[in-house]
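Colleague: what follows is a predicted protein model with its sequence.
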Amino acid sequence: MTDGPEPLSAVAREALERELTDLRGERATVAGTLEDEDYEGDRADQADELQRATELDRLDRRISEVEGRLSEGAAAGPPRTDVIAVGSTATVRFEDGTESTVRIGEVAEALDPTLVTADSPLGRALQGHRAGDTVAYRTPEGSGSVVVVSLGDASP
């Protein structure tokens, strides 16, 4: 990671924007269920009201986090192309000779097999490296290494 604002890939930006839309919708729904301040129900009603207020607070915090990350990503500009960083795409060759194009991202996406999160062992190890570098990394299953073949998207 860098000392300044971290770039945000287009895919991560889209995912965060979708999450923000969903959070705002959920927040509006929860806020609509809160009663007037003057409402005095029984203890069960009051407990339920408190639970919804707590949920509203959680949603507000997450909305603030997502908005902050989107703002930070906009301030950082596009991902770097000279070294691997968050938002970069790189082709790497594993020890067994297989090659794979991976994208360093911060938002885990279950349907994206090319995504390597920035805080994973391989993602952390790759950051700051260039084409031609051999990069060692350690996982709970053991150590490994890759050679950075190229930077940039290999897909059309």
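Modeller: Great, that's in hand.
Colleague: quick one: the helices in the protein, in order.
Modeller: Under the criterion DSSP state H, the chain contains helices at 10-33, 43-76, 121-126.
Colleague: which helices and strands does the last one pack with?
Modeller: Looking back up the chat, that one is helix 121-126. strand 99-105, strand 115-117, strand 134-139, strand 142-151 (3 or more C-beta pairs under 8 Å, 6 or more residues apart in numbering; DSSP states H and E). For the C-beta atoms, the positions are set from N, CA and C on the backbone; glycine is no exception.
Colleague: buried residues in that helix?
Modeller: When neighbours are counted by 16 or more other C-beta atoms under 10 Å, the buried residues of helix 121-126 are found to be 121-126.
Colleague: what sits up against it?
Modeller: Helix 121-126 is contacted by residues 84, 90, 92, 102, 104, 116-118, 135-139, 144, 146, 148 when judged by C-beta atoms under 8 Å, 6 or more residues apart in numbering.
Colleague: out of those residues, who's the most crowded?
Modeller: Highest neighbour count within these, by other C-beta atoms under 10 Å: residue 84, with 28 neighbours.
Colleague: what mean pLDDT does stretch 45-62 have?
Modeller: In this model, stretch 45-62 has a mean pLDDT of 89.
Colleague: please disregard the earlier target; I meant stretch 72-89.
Modeller: Here the average pLDDT along stretch 72-89 is 78.
Colleague: CA atoms of it as CSV?
Modeller: Once non-C-alpha atoms are left out, stretch 72-89 reads as follows in CSV (Å, rounded to 0.1, in the frame of the first residue of the first chain):
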residue,chain,number,x,y,z
GLU,A,72,-10.2,8.6,-1.8
GLY,A,73,-10.1,6.6,-5.0
ALA,A,74,-11.1,9.6,-7.1
ALA,A,75,-8.4,11.7,-5.4
ALA,A,76,-5.8,9.0,-6.1
GLY,A,77,-6.4,8.9,-9.8
PRO,A,78,-6.0,5.8,-12.0
PRO,A,79,-4.0,2.7,-10.8
ARG,A,80,-0.3,2.8,-11.5
THR,A,81,1.0,1.2,-14.6
ASP,A,82,4.7,1.1,-13.8
VAL,A,83,4.5,-1.2,-10.7
ILE,A,84,1.9,-3.5,-9.3
ALA,A,85,-0.6,-1.7,-7.0
VAL,A,86,-4.2,-1.8,-6.0
GLY,A,87,-6.2,-1.8,-9.3
SER,A,88,-3.3,-3.3,-11.3
THR,A,89,-3.6,-6.3,-13.6
